[in-house]
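Enquirer: what's the 3D shape of this:
(chains A and B, ligands or ions: 2)
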Number of protein chains: 2
Amino acid sequence: MKVAHSALHARHDGGKELHRGELVPCFEMPVRADYILKAVERAGFNVSEPRPFALESLLRVHDAHFVEFLRTAHEEWRAAGKEGFMLPSGFPARSLRRDHIPSGINGKMGYYAFDASTPIVEGTWEAAFAAAQCALTAAAWVAEGDKSAYALCRPPGHHAGYALYGGYCFLNNAALAAQYLRDHGFARVAVLDVDYHHGNGTQDIFWERSDVLFVSIHGSPETEYPYFLGYADERGEGAGEGYTRNFPLPRGTTWKEYGPTLSAAMDVIGGFSPDALVVSLGVDTYEGDPISSFKLATSHYPLIGQRLAELKLPTVFVQEGGYAVDDIGTNVAGVLEGFLSRR
Amino acid sequence: MKVAHSALHARHDGGKELHRGELVPCFEMPVRADYILKAVERAGFNVSEPRPFALESLLRVHDAHFVEFLRTAHEEWRAAGKEGFMLPSGFPARSLRRDHIPSGINGKMGYYAFDASTPIVEGTWEAAFAAAQCALTAAAWVAEGDKSAYALCRPPGHHAGYALYGGYCFLNNAALAAQYLRDHGFARVAVLDVDYHHGNGTQDIFWERSDVLFVSIHGSPETEYPYFLGYADERGEGAGEGYTRNFPLPRGTTWKEYGPTLSAAMDVIGGFSPDALVVSLGVDTYEGDPISSFKLATSHYPLIGQRLAELKLPTVFVQEGGYAVDDIGTNVAGVLEGFLSRR
Ligand SMILES: [Zn+2]
Ligand SMILES: [Zn+2]
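Expert: Numbering: from 1, shown residues only, chains lettered A, B, ... in the order given. Ligands and ions are numbered 1, 2, ... in the order given. Have a look, this model is predicted:
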C-alpha cells in the first residue's frame, strides 16, 4: 500500500486549546504524524510526497470564500497587528445571525468556526493544503488502479464542512478523496468514518447527495464532541435522504459492542453497492486515548482492517484523529496491515 | 436616586477567559462593582439590598430550562468529577443542529452559550440571580413612584437572550426591568442600550414585540463583539417590526459622532412615546477601556445623563459593561448625576 505524506504537516504547530480550564498545547500535535510515519515505514509501506494538486481542487467540496479565508487568515491576523495563534471569541450560535460575514478578522474567524480549540497558526494553511494533497494523491493512486492507499493526513479533516472549520480540522481530506473518486470513474462512493468523534464536516458536505454514502461510528454526541451532529435520526435530506447513517455509541464502549456495530455499518455500506470506499481512519477509539472514552485495544485494530477488506472495494484510508501518541503508529499500521492480510 | 446592590456579586469570581492567545482573569471582575459602589456612595446615593424576588420572576423573559441550566450547571459540572470554572468547547454554530440539547454537561453548556469567554464558577448563579433581583428592585421602585433608580448589576446582562448566555452575561437584567415595568402599569417601555457592545440578548428577547422598543448604540459588529447581531438592518419581526433599532458606529468613534447618534436614538425613542425608559448603562465606550475602541472622555458621561433626562421619563438604569476599573465609578456616577441635574 502506498502512503502519501508531507513533512509540511509540521508547519501546523504552536497553537493551544482550552482543556479542562487550562490553555494547553493541542492534543493534535506534529509528533502524531511522525510516529505514524515511523510505523508505516517499519511495516514496509512505500511513502511518497503528495502530487501538487491546485487550490481549485479544494473547491469540489469547499466554499471558495472559506478556502480563501483559511489561506489568508493568519496573514490578516498579523496585518491587524496581532500575533501568535488565532482562536475565535464568538460564534454564530443560537439566536444569532448566520447570514452575514463580519469584515473584521475576529468576527470572520468566528463565522467559519464552531469551537475554540482549533487554533490557526502561521503555517496552518500550508499544512492543511498539504494534507488535502495527500488525500487527493491517495485517491488518485486508487483511481489509477491501486487496490488501496493511505493518506497520512495532518491536520485531520472530518470535522471540516463545506464552509466550516473546527475540531482540529480545516479542509476535509476524506471528502476530497471521495469526491476525487467520484470525478474519476467511481459512480458510487462510500465513506466510513471510524474516528471516535462524529465526522460532522463530511456529513455536512454530502448531506443532500445520493452518490456518496456517509456512515459513521462514534461516541454519542449526547456526551461527546461535537455535540451538535451525529445523532441516529440524521439520515440525509433531499436527494441524500437515506444516504447518511450514524451509529452513536455510549462512553466506555468495548470491542464487544463495537464489533457488531462495525458489522452493521458494513451491512449498510454493502447495501449501497459502492464502487469505492474511503475510510476516515481515526484511532482515538483506543483505550489509551487522552480525550476519548472507547475501550478498543491495540489488538482490535488489525481486526477492523480485516473486516474492511471483506468489502473487497478499492479503498482510500485517510488519517483522522488519535491522540495516544505512543501507540498511534502501531494502531494505524495495525488497521492497514490487517486490511492487506485479507486482500 | 436609590441604588440596588448586592454583595453576592462577588460570588462570581475566579473564572478566566481567552484574550489574545492567553487565558487571563476575566476583565469582568468583582472590583468593578466595588468601585462603582464607592462612587455612588460618595455621590450620596442611597444604596439598598435587592428585594427577594422569586426565581419565577426570571421566567417572564427567560426560558425555564435555560434558567434551570444556569442554576444547576456548576453542580452538574462537579458531579461529573470536574472542577474549576466552566467554558464550553463546542457550539451549535453554522451547519450544526440547534434542535436538540445534549444530555452531557459539556454539550449542554455549548448549547446555551455563544462564546468561550463567559466562565461559570460555583458562585455564578448566586451572583447572577442577585443581579437580576437588583434590576427588578430598581424597576419596582420606579413602578412605585420613584422618578429614577439604578441597579448596580454584576454580572451584566444585555448579551443574555431568552435561552442564551455569553459576553459575561447570564440573566438579562435590563430585560427583566423592562418587563417588570410592563407588568406594573407601563404600557410602552423603551430600552436604550449605550454599552459599547450590542445588546444582542435584549434584542433577542423583545424581537417580536411592539410594547418594548429596543434601541442600541454600539461598536459595529463588523469588527466588534458580538459580531453576529447589531447591524443597522435589524428592525424586529412580526408584531415587533420597527421596534428594534441599531446604531452601529465605527472603531475610534469620538463624542463628535457619538453625541449626534445619541440624539438620533433619542428621537426614535421619542417617536415611540414610551411610558418608561430602561437604560442599559455600559461605560465601556470610555477611551480608557481595555477591550473597546470608542473615545469618550470622563467629561462626556454627565452629558449623556443630561440628554437622557430630556426624555422626562421614569427611568431605570441597569449596569452593563465597563472595564477600565479605575475610572468606572466616576463614569457611571457621572451619568447618574448628569441625569439628576436636569430632572
Ligand atoms: Zn476524533
Ligand atoms: Zn460591553
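Enquirer: and residue A:73, what does it touch?
Expert: A:86, A:105, A:108-109, A:120, A:124-125 (CB atoms under 8 Å, 6 or more residues apart in numbering or on different chains). Glycine gets a C-beta too; all of them are placed from N, C-alpha and C.
Enquirer: for it, what is the enclosing helix or strand?
Expert: When elements are assigned from DSSP states H and E, residue A:73 belongs to helix A:64-79.
Enquirer: can you give me how far that helix is from the chain middle?
Expert: Here the centre of helix A:64-79 is set off from its chain's centre by 21 Å, with CA atoms, centre = their mean, to the nearest Å.
Enquirer: how about stretch A:237-251?
Expert: 17 Å.
Enquirer: also stretch A:104-111?
Expert: With CA atoms, centre = their mean, you get 23 Å for stretch A:104-111.
Enquirer: do the same with stretch A:174-187
Expert: 15 Å.
Enquirer: average pLDDT for it?
Expert: Averaging pLDDT along stretch A:174-187 gives 98.
Enquirer: cool, and stretch A:325-333?
Expert: On average, stretch A:325-333 scores 98.
Enquirer: check which residues of it are buried.
Expert: A:325, A:327-333 (16 or more other CB atoms under 10 Å in any protein chain shown).
Enquirer: and for stretch A:246-262?
Expert: A:246-249, A:253, A:255, A:258, A:262.
Enquirer: burial count for residue A:82?
Expert: 15 (other CB atoms under 10 Å in any protein chain shown).
Enquirer: and the residue lying closest to it once chain neighbours are set aside, what pLDDT?
Expert: Distances taken as CB to CB, 6 or more residues apart in numbering or on different chains place residue B:20 nearest to residue A:82, at 6.9 Å, with adjacent residues excluded. Looking at residue B:20, its pLDDT is 75.
Enquirer: what does the stretch 1-150 of chain A have sitting close to chain B?
Expert: A:16, A:18, A:20-23, A:82-85, A:87, A:89-98, A:100, A:102-104, A:106-107, A:110-117 (CB under 8 Å from any CB of the partner chain).
Enquirer: so how do I select the buried members of those residues in PyMOL?
Expert: Here is the PyMOL selection string for the buried members of these, based on 16+ other CB under 10 Å:
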select buried, chain A and resi 16+18+21+23+84+85+87+89+90+91+92+93+94+95+96+97+100+102+104+106+107+110+111+112+113+114+115+116+117
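Enquirer: from the residues of the stretch 1-150 of chain A next to chain B, which land in strands?
Expert: If you go by DSSP state E, the residues of the stretch 1-150 of chain A next to chain B have A:16, A:18, A:22-23 in strands.
Enquirer: out of those, which is nearest to ligand 2?
Expert: residue A:18 (22.3 Å; CB to the ion).
Enquirer: wait, isn't the closest one in contact with residue B:87?
Expert: Yes: between residue A:18 and residue B:87 there is a contact under CB atoms under 8 Å: 5.8 Å.
Enquirer: which residues in the stretch 101-250 of chain A form helices?
Expert: For the stretch 101-250 of chain A, applying DSSP state H, counting those that start in this stretch gives helices covering A:105-112, A:124-143, A:173-183, A:200-206.
Enquirer: around ligand 1, which positions in the stretch 151-300 of chain A sit nearby?
Expert: A:195-197, A:282, A:284 (CB under 5 Å from the ion).
Enquirer: so which of the helices of the stretch 101-250 of chain A comes closest to residue B:229?
Expert: helix A:105-112 (11.0 Å; CB to CB).
Enquirer: ok, for the residue of the stretch 1-150 of chain A found nearest ligand 1, nearest residue in space, not its chain neighbours?
Expert: Closest to ligand 1 within the stretch 1-150 of chain A is residue A:28: 9.0 Å, counting by CB to the ion. Closest residue in space to residue A:28, ignoring its immediate chain neighbours: residue A:168 at 3.9 Å, by CB to CB, 6+ apart.
Enquirer: give me the neighbour count for the one you found.
Expert: So residue A:168, with other CB under 10 Å, has 27 neighbours.
Enquirer: what does residue A:64 give?
Expert: Other residues close to residue A:64 by other CB under 10 Å number 12.
Enquirer: state the distance from it to residue A:76.
Expert: Taking CB to CB, to the nearest Å as the measure, residue A:64 falls 16 Å from residue A:76.
Enquirer: next one: residue A:251
Expert: 39 Å.
Enquirer: Three-state assignment for the closest residue to residue A:133 other than its chain neighbours, please.
Expert: In space, and not counting its chain neighbours, residue A:133 is closest to residue A:50: 3.7 Å by CB to CB, 6+ apart. Assigned by DSSP: H, G, I helix; E, B strand; the rest coil, the conformation of residue A:50 is coil.
Enquirer: is ligand 2 contacted by stretch A:86-93?
Expert: No: applying CB under 5 Å from the ion, one finds stretch A:86-93 separated from ligand 2 by no less than 12.5 Å.
Enquirer: what lies in contact with that stretch?
Expert: By CB under 8 Å, 6+ apart, stretch A:86-93 touches A:15-17, A:73-74, A:77, A:98, A:105-107, A:109-111, A:113-114, A:116-121, B:18, B:21, B:91-94, B:113-117, B:164, B:166-167, B:225-228.
Enquirer: now it: average pLDDT?
Expert: 94.
Enquirer: stretch A:59-76 too?
Expert: Taken as a whole, stretch A:59-76 has a mean pLDDT of 98.
Enquirer: which strand or helix spans the residue of the stretch 1-150 of chain A closest to ligand 1?
Expert: Here residue A:28 is assigned to no helix or strand, by DSSP H and E.
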